[in-house]
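Student: 3D model of this:
(one chain, ligands or ions: 1)
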Amino acid sequence: MLLALLARLETCEVDAEELLLSPHTLNRHLYMLVRGQLSVQLASRDNPPVRYVEVNDCVGEVSFCDHRPPSAYVIASEPSRILRLHSRELPFLTQSPQLMQNLIELLCDRVRLTDQLIINSEHNANIDVLTGVFNRRWLEHIFERESARCAFNGRPLCMLMIDVDEFKPYNDRHGHIAGDHALCQVARLLGTQLRPKDSLVRFGGEEFVILLPELDLRTARLIAERLRQGVAQNDTIDTPIGSLPGVTISVGLARMRASDTLEDLVGRADKALYLAKARGRNRVCG
Ligand SMILES: Nc1nc2c(ncn2[C@@H]2O[C@H](COP(=O)(O)OP(=O)(O)OP(=O)(O)O)[C@@H](O)[C@H]2O)c(=O)[nH]1
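Tutor: A predicted model of the protein is given here:
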């Protein structure tokens, strides 16, 4: 059976940059890479590869089976040798339970890989690139969930609005890259002191938001004070560009009221933050 299958395979050579599969062209082949490397690109040939196909990997199996155009571009990233099987040989494959089992496993792998890519891209869409903490998009999602959950259980929900103090002069004195390191340090210091159910979000620029579910105002204030002290006590930041002076933060605190929208809660936390700045910075208000 295997020998008969091998006899049905064609060998082809592709040059670097050559297009093997495209969403605009029906695919009739199942390909197996025997030398070189292929890249898989979604939506446009100009997008960076989402993955690479290495030797012994297959591509094209989904369109080979369903006779529909491929969902991605597959391009040779270097000169490559490929074995291919035409879809007219599909009835031949069905004669062997083992070959069918292999094909099903291949399709299952592809489904899992696609799921993982979706999970990764969903995750990346919620993460701030510089600091690695959640971004504003995530805040909207998590606020909806946590505010509903806390309201349903009759539990409080508090928000901390945090702003790095005098960050413009810090950037001016030490440079923007140093400022970036300082922001990462703040994110790290804040993140390591939180419970898993708390959400740390980079709200924008030098501002962070923390959602604290199931904590009353008094406890949230203690936590805010602990966070403030944690940042202030780190008076130097070790970075690849050298040792930099630490920064301080001001914190505005607000507790969710019934029927608060995210904007309402952010607005009150922001007012409290403004007060903390006006009273001299490096403090908690609200
Ligand atoms: N390095 C760096 N700087 C940023 C980033 N985002 C915002 N900033 C800077 O943060 C600074 C914020 O400055 P201001 O809003 O004037 O406030 P401040 O100097 O921190 O003063 P106070 O908030 O009143 O204590 C601006 O200079 C922005 O350019 C970033 O991602 N990296």
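Student: what about the residue of the stretch 51-200 of the chain found nearest the ligand, how many residues close to it?
Tutor: The nearest approach of the stretch 51-200 of the chain to the ligand comes at residue 179, 2.5 Å away (CB to the nearest ligand atom). For the C-beta atoms, the positions are set from N, CA and C on the backbone; glycine is no exception. Residue neighbour count, defined by other CB atoms under 10 Å, stands at 20 for residue 179.
Student: helix, strand or coil for it?
Tutor: At residue 179, secondary structure determined by DSSP: H, G, I helix; E, B strand; the rest coil is helix.
Student: Quick check: phi and psi at the most centrally placed residue in the chain.
Tutor: The centroid of the chain falls nearest to residue 124 when counting by CA atoms, centre = their mean (1.5 Å). Residue 124 adopts backbone torsions of phi -60, psi -30, taken as degrees, to the nearest 10.
Student: and what of residue 267?
Tutor: Dihedral pair for residue 267: phi -60, psi -40, per degrees, to the nearest 10.
Student: Number of residues surrounding it?
Tutor: Counted with other CB under 10 Å, residues neighbouring residue 267 total 13.
Student: show me where pLDDT drops low in this structure?
Tutor: Along the chain, the model assigns pLDDT under 70 to residues 1-2.
Student: Get me the contact residues on it for the ligand.
Tutor: Counting by CB under 6 Å from any ligand atom, the residues of the chain close to the ligand are 130, 163-168, 171, 176, 179-180, 183, 205-206, 277, 281.
Student: thinking again about what came up before, OK, contacts around the residue of the stretch 51-200 of the chain closest to the ligand?
Tutor: 167, 170, 171, 206 (CB atoms under 8 Å, 6 or more residues apart in numbering).
Student: For the second one, grab phi and psi.
Tutor: What that stands for is residue 170. Per degrees, to the nearest 10, the backbone of residue 170 is at phi -60, psi -50.
Student: Pull up the gap between it and residue 209, please.
Tutor: Going from residue 170 to residue 209 by CB to CB, to the nearest Å gives 21 Å.
Student: So for these two, which residue has more residues nearby?
Tutor: Neighbour count, other CB under 10 Å: between residue 170 and residue 209, residue 209 has more, with 25 against 21.
Student: Next, the more buried one: secondary structure please.
Tutor: Assigned with three-state DSSP, residue 209 falls in the strand class.
Student: neighbouring strands for whichever strand or helix holds residue 31, and are they parallel or not?
Tutor: Element membership of residue 31 [criterion: DSSP states H and E] is strand 29-35. Here strand 29-35 has these sheet partners by DSSP bridges: strand 58-59 (antiparallel), strand 80-86 (antiparallel).
Student: out of the ones you listed, deepest packed?
Tutor: Highest mean neighbour count among those (mean count of other CB atoms under 10 Å): strand 58-59, with a mean of 22.
Student: List the contacts of that strand.
Tutor: So strand 58-59 is contacted by 20, 21, 30, 31, 32, 33, 38, 40, 53, 74, 106 (CB under 8 Å, 6+ apart).
Student: And the next helix-or-strand element following that strand, what does it pack against?
Tutor: Toward the C-terminus, strand 58-59 is succeeded by helix 61-66 as the next helix or strand (DSSP H and E). If you count contacts as 3 or more CB pairs under 8 Å, 6 or more residues apart in numbering; DSSP states H and E, helix 61-66 packs onto strand 29-35, helix 97-125.
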